[in-house]
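Undergrad: Build me a structure from this.
(2 chains)
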Amino acid sequence: MAAVMPAPAQSRLLLSGNEAVARAVWESGVRVAAAYPGTPSTEMLEALSTYPDLYAEWSVNEKVSLEVAIGAAYAGSRAFCCMKHVGLNVASDALMTLTLTGVVGGLVIAVADDVGLSSSQNEQDSRYWGRFGHLPIFEPADSQEAYDMTKAAYALSERHQVPVLLRLTTRVCHVKALAVVGERVAHAATGFKKDPARWVMTPAGASKRIPLMFERDKALRAESEASPFNFAEAGTDLRVGFVTSGPAAMHVREAFPNAPMLKLGLSCPLPLEKLRAFAAGVERLVVVEETEPLIETELKASGIACHGKDILPTMGELAPPVLLPAVAGLLGEPVPENLVPAAKVFPRPPTMCVACPHLGVYYTLAQIKNLFIAGDIGCYTLGAGHPWNALDTTISMGASMGIAMGLDKGRSDADKDKRVLAVIGDSTFMHMGMQGLLDIVYNRGNVTVLILDNRAVGMTGGQNNPGNGRDIHGGEAPRVHFAKLVESLGVKPDRIHVVDPYKLPVLFKTIRDEIKIPEVSVIITDQPCVLVDDYKKQRPYKVEDAKCTGCGNCVDVGCPAIHVMRREKAVKPSGKEVELQFVNIETAACTGCGLCVQPCAPEAIVRMAAGEQVSILKRH
Amino acid sequence: MDCTNILVVGIGGQGVMTATEILAEAAIALGHDVKKTEVAGMAQRGGVVSSHLRFGPKVLSPQITAGSADLLLAFEAAEALRWCHFLRPGGLVLMNTARLVPPVVNIGLYDYPADPAAEIRARGYEVHGFDAMDLAMALGDVRLGNTVMLGALGDHLPFPAEVLLEAIVKRFAARKPLLVELNRKAFAAGRAADAAAAHDKAGA
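TA: Sure thing, here's the model as predicted:
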């Protein structure tokens, strides 16, 4: 990513919401920033890692990142941490008591909701944490607001010694828009002051802090009433007044340019008096919020009548094509229709990369029958798709361990011969998988664990982690030794294997042998992600047309460089009709990993000669 | 609001997002307000990428609504068909005719459309088709494809093509000065291919 750092103050820059937050964090004098990567939040810390005078780290998970930020804020430094929505579930244990201690240095927690599910396992609404944890929430709508609100959040945090949530959505994080930026103002750390009654949360200590939290709620509501981020725009068409927050406000303004609108930037606690006054000036109120009816519910509880989720969906983005028909329906107007329907075109789901080391693992797992395979979160979740169909569960970071354990212990009589596997990536294992493996070992589960160590957080762009021995800046860092780690957790040395996933026969035999042994085994694959520098490309392979028998074995590897050029029906000697698939390799894409060569019986796939011209497979 | 809406589509790895960013820089150079947004899921993995660019005096929503795009710049033939309903009635598609066939088609789960351009025309849109991949390869590097695509767009913008070319040159001058000349040629090739496609259509 291009560093935005050199831009002088008062520049108007084209920044993503994430880059705008990072710029404002840096300008706010933040000294410590920590995160675990997660779409759509990742670029905030990536950008921050390019700024000077600030400590940035990739933490092993979101809970740790928040705790690092809390410690820094206790020490009187301004601190920042960011995560995707599900990351705050992981960090919430710390969050829900942090709200009692509060902070000294300003602390802003950016949480990025994946409204529209671009790359997540669920679509939860993080604004609930503001209600649950009695914390203020800012909801920017674009890059300029993301910048402005981040700065305001630090001031608010220090005024009330409260951590502040900055709730982003994919449509803020990843939209690039113009933002005017300023200069950094340094904030020296004020120092950690020992104060057990405040920082040591025992029952006695916490019971004294809880009333203070409720007092703070009142002060924060007064802030909300007075906040310039909560403002009304007058309109000429008074039939509907809109109450809205976040990027939905931009959609409302686009779709209903003449309607009055109350835009909530500091949306928790709600400025109820401001809302009541706004409601009095319009014929009816419609709340447009992504995704759940939080504002709507609180308005109704306060006796302010409104529409909301009675006419709008509780999932996905509330863009003009959603808003216009809903409001037309409410007003009894004809509902506009799409002029031209979308064409039906094949889906184009994300695929594994050419030569991805996971291909060998899933090809092998697809060959072995009688398995239950608990999956996890990362690129390798794609193993649930075609052609491997190799994962049976995916739920949350690190869950493959516990779920495999439960599949083992909770199995039905009919499943007594099933073998249970767990598949987890290196970074996910360190994030939340180690504890689950310890549980399997300690409680004597019968699970074969595959740790796919590709030395990167692949899904989010190949960030460094403790498994590859590089820090956030690419500098040398201590490196985890996975085999020693799992041995320390209690896995027997004989049951630990490190295997090259490009060597299919070895991988097959190792998995086949270990699933038969009724105790925990760990198989670690050790080839790097093809998108990181550790990966070394080799001379590509090509198909010799005359030798290809159309068996299709190589297609089962699932490499996107292998293309079926021609299909033919054939009848086997047994009388069974089969479809032959004659293939070619896109040699310009092939990096010579050699996976497809191994199942090719007629030896039709051969290494290209040095200097031989590669080609792109063209079709018209 | 008088915004220009350009939808740029293709698949992960083709340079769709970079091309849109260069377009955004050209619009900013002219003093426009600009918003650019992607629906890019897991774009790095060969999935669909659609990049929305809106510019004008003031841009509110970053998203282009179906039926309102002024131009569709499609880096791949089937993607042109997938997204053409985003165009305003009679709108123009600038289409790379090269096909990128995904694994789901390879393994026989789905068919690739027989003639995407014809299907788009049947929906009432104008199509200028050309093989951006061939043009890029002829210049020696398939990665020039996105500059070819931008060249094809050059004569359909509400500002001179030279402004866009300048944005491309500026970007490469800063990062890869050796590639400036090649990109100028790629831009010219795309512009000529578009003109030829328009001419063919007029002739037909």
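Undergrad: for chain B, what spans make up the strands?
TA: B:4-11, B:33-39, B:48-56, B:69-74, B:87-96, B:126-130 (DSSP state E).
Undergrad: Give me the sheet partners of the fifth one and which way each runs.
TA: Neighbouring strands of strand B:87-96 in its sheet, by DSSP bridges, are strand B:69-74 (parallel), strand B:126-130 (parallel).
Undergrad: ok so, going back, mind checking which of the strands of chain B is nearest residue A:39?
TA: Closest approach to residue A:39 among the strands of chain B (Cβ to Cβ): strand B:33-39, 11.9 Å. No exception for glycine: its C-beta is placed from N, CA and C like everyone else's.
Undergrad: For the residue nearest to residue A:291 when sequence neighbours are not counted, list the residues it contacts.
TA: Spatial nearest neighbour of residue A:291, chain neighbours left out: residue A:125 (5.1 Å); criterion: Cβ to Cβ, 6 or more residues apart in numbering or on different chains. For residue A:125, the contact set (Cβ atoms under 8 Å, 6 or more residues apart in numbering or on different chains) comprises A:113, A:290, A:291, A:292, A:294.
Undergrad: Give me the subset of those residues lying in strands.
TA: Here DSSP E is the test, and the contacts of residue A:125 give residue A:113 as lying in strands.
Undergrad: Residue A:63 in helix, strand or coil?
TA: helix (DSSP: H, G, I helix; E, B strand; the rest coil).
Undergrad: got the contact list for it?
TA: Counted by Cβ under 8 Å, 6+ apart, residue A:63 has contacts A:90, A:91, A:93, A:94.
Undergrad: Would you write a ChimeraX line that selects the buried entries of the residues you listed?
TA: Here is the ChimeraX command that selects the buried residues among these (16 or more other Cβ atoms under 10 Å in any protein chain shown):
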select /A:90,91,94
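Undergrad: Serialize the contacts of residue A:63 to CSV and add fields for secondary structure.
TA: Shown next, in CSV, are the contacts of residue A:63 (three-state DSSP):
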residue, secondary structure
A:90, helix
A:91, helix
A:93, helix
A:94, helix
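Undergrad: quick one: contacts for residue A:496?
TA: So residue A:496 contacts A:483, A:486, A:487, A:521, A:522, A:524 (Cβ under 8 Å, 6+ apart).
Undergrad: which one among those gets closest to chain B?
TA: The nearest member of the contacts of residue A:496 to chain B, counting by Cβ to the nearest Cβ, is residue A:524 at 23.7 Å.
Undergrad: Which of the contacts of residue A:125 sits closest to residue A:364?
TA: Looking across these and measuring by Cβ to Cβ, the closest to residue A:364 is residue A:113, at 36.9 Å.
Undergrad: So that closest one is in contact with residue A:122, correct?
TA: No. Counting by Cβ atoms under 8 Å, residue A:113 stays clear of residue A:122, with 10.1 Å between them.
Undergrad: overlap in contacts of those two?
TA: residue A:85.
Undergrad: Helices of chain B, residue ranges please.
TA: Along chain B, the stretches classed as helices by DSSP state H are B:16-29, B:77-83, B:103-106, B:116-122, B:132-138, B:145-153, B:161-175, B:180-203.
Undergrad: As TSV, those helices with mean neighbour count and distance to residue A:392 would be great.
TA: Output for the helices of chain B, formatted as TSV (neighbours: other Cβ atoms under 10 Å in any protein chain shown; distance: least, Cβ to Cβ, whole Å):
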stretch	mean neighbour count	distance to residue A:392
helix B:16-29	21	34
helix B:77-83	26	31
helix B:103-106	20	21
helix B:116-122	18	37
helix B:132-138	22	40
helix B:145-153	28	40
helix B:161-175	17	46
helix B:180-203	17	47
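Undergrad: shaky segments in the stretch 401-550 of chain A?
TA: Applying pLDDT under 70 to the stretch 401-550 of chain A flags no residue at all.
Undergrad: Quick one: name the residues of it near chain B.
TA: A:459, A:461, A:531 (Cβ under 8 Å from any Cβ of the partner chain).
Undergrad: TSV please, covering these and showing neighbour count and distance to residue B:199.
TA: Converted to TSV, these look like this (neighbours: other Cβ atoms under 10 Å in any protein chain shown; distance: Cβ to Cβ, whole Å):
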residue	neighbour count	distance to residue B:199
A:459	26	46
A:461	16	43
A:531	17	42
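Undergrad: I'd like those as TSV, with distance to residue A:400 and secondary structure appended.
TA: As requested, those are exported to TSV (distance: Cβ to Cβ, whole Å; DSSP: H, G, I helix; E, B strand; the rest coil):
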residue	distance to residue A:400	secondary structure
A:459	15	coil
A:461	22	coil
A:531	23	coil
